[in-house]
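Q: got a predicted model here, sequence first, then my questions.
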Amino acid sequence: MKLLTGEILSNEKYNDSLYKMEIFSPYICKDAQAGQFINVKCSHDGVLDPLLRRPFGIFNIEKKFNVFSMLYWVKGRGTKFISGLKRGDMLDFVGPLGKGIDLSKGENNILLIGGGIGIAPLYLIAKLASGMKKNVFFAAGFKDNSYLRWEKDLIELKINYAVLTEDGSWGEKGLVSDYVWNNIKLFKSFDIYCCGPRDMLKTLQNIYKDRNNKVTALLEERMACGVGVCEGCAVKIRKGKKGFSYKKVCKDGPAFNLGEVIFD
Amino acid sequence: MTEQNSLFSYETNTGGNGFSLSVRLGRIKLDNPVIACSGTFAYGLEYSQFYNTAILGAVTTKSYSLAPIEGNPPPRICETASGMLNSIGLQNDGIDIFIKKHLHEAEKLGIKIILSIFGQDPEEFKKVASRTVDIKERIIAVELNLSCPNVKKGGMAFSAMPDEVEKIVSSTVSILNIPVIAKLSPNHQNLVEAAMAAKKGGAEALSVINTVVGMAVDIETFIPRLGNVLGGLSGPAVKPIALAKVYSLTREKILPVIGMGGIFSWQDALEFLVVGASAVGIGTANFVQYDVGKKIIEGLRNYLKEKKIYDINEVIGRLRT
């Protein structure tokens, strides 16, 4: 991991709130693994508001061009700031952070379950796993069709996928967790990676409680340092039969065994 | 002297090229006045990936208690205007793990360690200090965390009770006989009395301030933004408060002060020094600009060069009122 600045090659508006930013960084492209993230300064040099860096999962890596990208949803002051950055501006970031996911192990079948912006870090897993000739299926759920433009990225991967929207405006109408439940037999021998809203993860935890699938959740939590110092991004992880301990999303994660996560 | 040579001598001995950054706080002698604050630097390992943390005047470890502490329920972090609230709750591995494992790792990096300790009551402080006796030669001071706002027992309550401050300081001094620093809270009206009590107890210096109690609420859900409801505010938002608190102590000339609270730049650090702090603590800034400690040392050094001030001590306490 390093303190880095990278030139922004594009900051494409997918819809009113969804953006994809491409950044030139040989270091990230060489070193980063699936599941890792970068911690981005979301204010101009010398400006201290917004104060804290914001973590973003790495969405895609194009090694050939030394370009990586992040897909982000404009929600607060930090994401609003970066949505205003232009091609040619420099991005101040640290990375790659967090533990990478070793996709070479495990089943040959991979199911990715993403809800909302949770699809972002899963996309890189899908790309790398499919590059390893694994059979990859992407199930993605959204409120509406605001992520429609992302389907173009997904099509590029040439994998099977299903899109669900709560209002039925794109793909099937319904929740992605219901989709998974309805097709549970189809995904029997799949390793699963999921990322999304807490309610979705809780439902998936129930669905896979007594099943044999290896289910990995990529968790999000507010964090300050991103490198394991501040203890801010704590999540409860089961320890023994009844106990728990706090683990850091930034350093111990962001990937955790979903069955071990305690959602209060 | 070439630039490269001067940089080298500065990295190994900040006083070696005619412009001295070294400061003294009682028996504590530092190569430069820049200290990493407790709880914002762990014990130096992580940030050593970004720069040579051995150049810091010192690193104050996170606070260690007798037994490990799990900390408070999440969310533990919330950003506010030019600041952040935290309610970590002194999560730590316990003093024994620090002694057995972390201290050695910090030493390997050449870090000068100030060990921060915490107890829920004066008895626990004594016990933690007793465990520390065998390693006291390997640390430059002990900082007593008498001011954490995020724990139910002890914490900032001590800072409000000068008698307790004196008792804990004096027992630590008698057990360890090394420099003891009392970290005090800005959240009570009697800071000066608490500082006097620390002096009476035999403290070498004071760390001021710890975080300011604060809270934030999610207006969609009406739920507090911190799992612990209340937390401690830090960052640029608290700097004027911190400066005023430091000033309230330095003008009384009670003990040398390590000034901290919202320092993000060498200019911020200089303000604290001018107000009379003998050293400065860098806290929240470490989360944002990982090599800020290095930048502040460089900035102070350049300032001295530019102003042709040969000793940083010449600016300490030079506030003109």
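A: Perfect, thanks for sending it.

Q: make it CA atoms for all contacts and neighbour counts henceforth
A: Noted.

Q: helix, strand, or coil at the closest residue to A:Val261 other than its chain neighbours?
A: Leaving aside its chain neighbours, A:Val261 sits nearest to A:Ile237 (4.7 Å; criterion: CA to CA, 6 or more residues apart in numbering or on different chains). Recorded secondary structure, A:Ile237: strand (DSSP: H, G, I helix; E, B strand; the rest coil).

Q: let's see the distance spanning stretch B:119-139 from one end to the other.
A: From its first residue to its last, stretch B:119-139 covers 19 Å (CA to CA, to the nearest Å).

Q: need the contact partners of it.
A: B:65-66, B:95-96, B:99, B:112-115, B:117-118, B:153-155, B:164, B:167-168, B:171-172, B:175-176, B:178 (CA atoms under 8 Å, 6 or more residues apart in numbering or on different chains).

Q: ok, now stretch A:166-179?
A: A:113-115, A:139-145, A:148, A:162-165, A:200, A:203-204.

Q: just the buried members of the residues you listed?
A: Buried members of those, scored by 16 or more other CA atoms under 10 Å in any protein chain shown, are A:113-115, A:139-145, A:148, A:163-165, A:200, A:204.

Q: and the two most separated of the residues you listed?
A: A:Leu148 and A:Leu204 (24.0 Å; CA to CA).

Q: for B:Ile114, what are phi and psi?
A: Backbone torsions of B:Ile114, given as degrees, to the nearest 10, read phi -110, psi 120.

Q: what's the distance between it and B:Pro236?
A: Distance, B:Ile114 to B:Pro236, by CA to CA: 24 Å.

Q: before we move on, what about A:Ala139?
A: For A:Ala139 relative to B:Pro236 (CA to CA), the value is 43 Å.

Q: in contact with B:Phe300, which residues?
A: Careful, residue B:300 is Leu; it's not Phe. Listed by CA under 8 Å, 6+ apart, the contact partners of B:Leu300 are B:266-267, B:270.

Q: assign a three-state SS to it, would you?
A: B:Leu300 is classified as helix under three-state DSSP.

Q: hmm, back to that, list buried members of the contacts of B:Leu300 by neighbour count.
A: Using 16+ other CA under 10 Å, the buried ones in those are B:266, B:270.

Q: and the contacts of B:Leu300 as TSV, adding secondary structure, pLDDT and distance to B:Lys308?
A: What follows is the contacts of B:Leu300, written out as TSV (DSSP: H, G, I helix; E, B strand; the rest coil; pLDDT from 0 to 100; distance: CA to CA, whole Å):
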residue	secondary structure	pLDDT	distance to B:Lys308
B:Trp266	helix	98	17
B:Gln267	helix	98	17
B:Leu270	helix	98	15
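
Q: okay, and the beta partners of B:Asn86?
A: B:Ile77, B:Gly232 (DSSP bridges).

Q: how many neighbouring residues does it have?
A: For B:Asn86, the neighbour count with other CA atoms under 10 Å in any protein chain shown is 31.

Q: state the phi and psi torsions of the nearest residue to B:Ile223 once chain neighbours are set aside.
A: The shortest distance from B:Ile223 to any non-neighbouring residue, by CA to CA, 6+ apart, is to B:Val217 (5.8 Å). Per-residue torsions, B:Val217: phi -130, psi 140 (degrees, to the nearest 10).

Q: wait, what's in contact with B:Val217?
A: B:223-225.

Q: tell me how many other residues crowd the closest residue to chain A within the stretch 151-300 of chain B.
A: Nearest to chain A in the stretch 151-300 of chain B, going by CA to the nearest CA, is B:Phe287, at a distance of 4.2 Å. Using other CA under 10 Å, B:Phe287 has 22 other residues around it.

Q: wait, doesn't it sit right on A:Ala224?
A: Yes: in this structure, B:Phe287 is within contact of A:Ala224 by CA atoms under 8 Å, at 5.8 Å.

Q: quick one: common contacting residues for these two?
A: By CA under 8 Å, 6+ apart, B:Phe287 and A:Ala224 have these common neighbours: A:52-53, A:230.

Q: kindly report the residues of chain B close to chain A.
A: B:39-42, B:46, B:49-50, B:70-71, B:73-79, B:81-84, B:86, B:88, B:91, B:236, B:286-288, B:290 (CA under 8 Å from any CA of the partner chain).

Q: among these, which are in strands?
A: Judged by DSSP state E, those include B:77-79, B:83-84, B:86 as members of strands.

Q: ChimeraX command for the buried members of the residues you listed?
A: To isolate the buried members of these in ChimeraX, using 16+ other CA under 10 Å:
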select /B:77,78,79,83,84,86
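
Q: what's the closest of the ones in strands among the residues of chain B next to chain A to chain A?
A: The closest of those, once distances to chain A are taken by CA to the nearest CA, is B:Ile77, at 5.5 Å.

Q: confirm that A:Glu12 sits in a helix.
A: No: per three-state DSSP, A:Glu12 lies outside any helix segment and is strand.

Q: look up how far A:Met21 lies from it.
A: 6 Å.

Q: and A:Cys195, what is it in contact with?
A: A:Cys195 neighbours (CA under 8 Å, 6+ apart): A:113-115, A:118-119, A:121-122, A:201, A:217-219.

Q: and the two most separated of those residues?
A: Spanning the widest gap among the contacts of A:Cys195 are A:Pro121 and A:Leu201, at 15.1 Å by CA to CA.

Q: the residue in the stretch 1-150 of chain A that chain B sits nearest to in helix, strand or coil?
A: Per CA to the nearest CA, A:Asp49 is where the stretch 1-150 of chain A lies closest to chain B, at 4.9 Å. Look at A:Asp49: counting by three-state DSSP, its state is coil.

Q: chain B contacts on the stretch 151-264 of chain A?
A: Residues of the stretch 151-264 of chain A lying close to chain B by CA under 8 Å from any CA are A:221-235, A:245-246.

Q: just the buried residues from these, in ChimeraX please.
A: Selection of the buried residues among these in ChimeraX, burial being defined by 16+ other CA under 10 Å:
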select /A:221,222,223,224,225,226,227,228,229,230,231,232,233,234,235,246
